[in-house]
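[1] Show me the folded form of this:
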Amino acid sequence: MERVEVWVSARDPISEAGVVSALRPRPEVRVLRSDEADDARVVVVVTDAVDEEALRTIRVVHRRGLSRPVLVAGTLDGSDVVTSVEAGAVGLVRRSEATPDRLIQVITGAAVGEGSVPPDLLGRLLDQVGTLQRQVLRPRGLTFTGLATREIEVLRLIADGLDTAEIAQHLAYSERTVKNVLHDVTTRLQLRNRSHAVAYALREGLI
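    Predicted coordinates for the structure are as follows:
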């Protein structure tokens, strides 16, 4: 089994030492020194509260794209989950629940892209996601993919082999509208052409 390389980021040395001592004996992970932080697959961010400094650390880790952030916080509520996930955290653990086994479970999951949220907060997160979909995205014809419903329909028909005229007829659009939809998608997502757009949509599971 490949060991997951982990770096622990904490504001105070006591918190850092506590998490490091819990992880170091475990064969599933290898805890890195600060000078090895760039090699980490997972970065564990330890904080008392989900404040701006903690969120900034998560954003920096997420933007670099090399490591996945896991947040261990003294307190976590529904709004903390949303802001942490928005910042890029893939795993969240309350410090009171951060047993060695739980930390390993979240870290190894994060390393392969699996998210983890305390069960009692998952319902709140899903409620907020549903509210966002109903009140913000759907009225604007958008989905969580960042593509409008008609953009997905056009890409799906292109993937089925239809040309512009056939797509226009199928969706009762003008050919100009179909071309504009495709142009908007390729421009916004920085794609080269319609084939690249279809490949992107397939890879991301959008169609």
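[2] From now on I want contacts and neighbour counts done on CA atoms only, so please keep to that.
    OK.
[3] quick one: the helices in this protein?
    Using DSSP state H, the helices found in the chain span residues 13-23, 52-64, 78-87, 100-111, 119-132, 149-159, 164-171, 175-188, 194-203.
[4] The first one relative to helix 100-111, how many degrees between them?
    The one in question is helix 13-23. 90 degrees (axes from the mean of the first three to the mean of the last three CA atoms, to 10 degrees).
[5] So which elements touch the worst-scoring helix or strand of the chain on mean pLDDT?
    For the chain, using mean pLDDT, DSSP states H and E, the weakest element among its helices and strands is helix 119-132, scoring a mean of 72. Helices and strands in packing contact with helix 119-132 are listed as helix 78-87; criterion 3 or more CA pairs under 8 Å, 6 or more residues apart in numbering; DSSP states H and E.
[6] Let me see the mean pLDDT of the helix it packs on.
    With pLDDT averaged residue by residue, helix 78-87 scores 85.
[7] Ok, stretch 58-65 next?
    Averaging the model's pLDDT scores along stretch 58-65 yields 88.
[8] try stretch 18-27
    When pLDDT is averaged along stretch 18-27, the result is 96.
[9] what's the first-to-last distance across it?
    End-to-end distance for stretch 18-27, by CA to CA, to the nearest Å: 17 Å.
[10] ok, and for it, which residues are buried?
    For stretch 18-27, a neighbour-count test (16 or more other CA atoms under 10 Å) marks 19-20, 23 as buried.
[11] how near is the nearest residue to G88 once chain neighbours are set aside to V43?
    What sits nearest to G88 in space, not counting adjacent residues and going by CA to CA, 6 or more residues apart in numbering, is H62, at 5.4 Å. Going from H62 to V43 by CA to CA gives 10 Å.
[12] Just the angle for the least confident helix or strand of the chain relative to helix 78-87, thanks.
    Going by the same axes, to 10 degrees, helix 119-132 makes 70 degrees with helix 78-87.
[13] Just the buried positions in helix 119-132, please.
    For helix 119-132, a neighbour-count test (16+ other CA under 10 Å) marks 121, 124-125 as buried.
[14] V42 contacts V6, correct?
    Yes - counting by CA atoms under 8 Å, a contact exists between V42 and V6, whose distance comes to 5.0 Å.
[15] then stretch 66-78 to PDB, C-alphas only?
    Backbone C-alpha positions of stretch 66-78 (Å, rounded to 0.1, in the frame of the first residue of the first chain) are rendered in PDB as follows:
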ATOM      1  CA  LEU A  66      -0.900  19.700  -5.700                       C
ATOM      2  CA  SER A  67      -2.400  18.900  -2.400                       C
ATOM      3  CA  ARG A  68      -5.900  18.300  -1.000                       C
ATOM      4  CA  PRO A  69      -6.800  20.300   2.200                       C
ATOM      5  CA  VAL A  70      -8.400  18.600   5.200                       C
ATOM      6  CA  LEU A  71      -9.600  20.900   8.000                       C
ATOM      7  CA  VAL A  72      -9.500  19.900  11.600                       C
ATOM      8  CA  ALA A  73     -11.400  22.600  13.600                       C
ATOM      9  CA  GLY A  74     -12.300  23.000  17.300                       C
ATOM     10  CA  THR A  75     -15.900  24.000  16.300                       C
ATOM     11  CA  LEU A  76     -17.800  23.300  13.100                       C
ATOM     12  CA  ASP A  77     -21.300  24.300  12.200                       C
ATOM     13  CA  GLY A  78     -23.400  24.300   9.000                       C
END
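[16] That concludes my questions; thank you for your assistance.
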